[in-house]
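Enquirer: Based on what follows, work out the 3D shape:
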Amino acid sequence: SGAQTDPSREAVMTSLRQADSARFVQNLADDLARTRSRDVLVFVHGYNSSFEDGAVRAAQVVADMGFDGSVVYFSWPSAGELTGYVRDQQTARNTGFFLLKLLREIILEARPDRIHVLAHSMGSEVLSKAVSLIDRADSLPRLAQVAFAAPDVDARVFAREILPTLREHSAGVTLYASSEDDALRASRVLNNVWR
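Expert: This is a model prediction of the structure:
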């Protein structure tokens, strides 16, 4: 848009480094060592979100919360455009396996005290799919707080399949939604859900 952002007042992405799993775990462990809580917050972005937009949103949420811990931004390949809803929905579901792998294997190597998860919008589909892949004998660590912000997921499936499993594997589940959310209204029309 041509407008300059002010890094002292707004979250901006200044750099990006690639890392393999071993380097990621080492970076996370080093970051955890600098926190008081040794907590990890996994942020899963929503629909119509580019990688950069999701990273900035994650940073802004963490700053607004005053979270003392390490943040892991889980990005899935959203089309990043309003017309990509159906594609995003399928991609989100297909990505759940990788979120489960992150939660049950990779993050644990850094030895956090607690793991929290915040899924925004269609990121709730990613988290819901990950949860649906858990069986009773699964080695998923007990999660601390799990939050769904403006969740774009079928309410019946959530209540019947996702919530019971999350109750077994987390200390608390919170859902934040508004009947005035335009994106959820559009989802309701497209999916005929949340009646």
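
Enquirer: What is the neighbour count of the residue lying closest to R36 once chain neighbours are set aside?
Expert: Spatial nearest neighbour of R36, excluding adjacent residues (CB to CB, 6 or more residues apart in numbering): D68 at 5.4 Å. (Glycine included, C-beta is placed from N, CA and C.) Number of residues near D68 (other CB atoms under 10 Å) recorded here: 12.

Enquirer: who's in contact with D68?
Expert: When contacts are counted by CB atoms under 8 Å, 6 or more residues apart in numbering, D68 touches 35-37, 39.

Enquirer: ok, of those, which one's closest to I107?
Expert: Nearest to I107 out of the contacts of D68 is D39 (CB to CB; 11.1 Å).

Enquirer: Tell me how far the closest one lies from S132.
Expert: Distance, D39 to S132, using CB to CB, to the nearest Å: 25 Å.

Enquirer: These two - which one has more neighbours?
Expert: Remark: of D39 and S132, D39 carries more neighbours, 19 against 15, as counted by other CB under 10 Å.

Enquirer: Which residue, other than its chain neighbours, is closest to that one?
Expert: G69 (3.5 Å).

Enquirer: can you give me the helices for this protein?
Expert: 21-33, 51-65, 85-101, 123-132, 155-157, 163-169, 182-191 (DSSP state H).

Enquirer: Mind checking the ones you listed for the one nearest to F148?
Expert: Nearest to F148, of these and by CB to CB, is helix 123-132 at 5.0 Å.

Enquirer: which residues are in contact with stretch 43-62?
Expert: The contact list for stretch 43-62 (CB under 8 Å, 6+ apart) reads 10-13, 41, 71-76, 78-82, 84-85, 88-89, 92, 99, 117-124, 126-127, 150, 152, 183.
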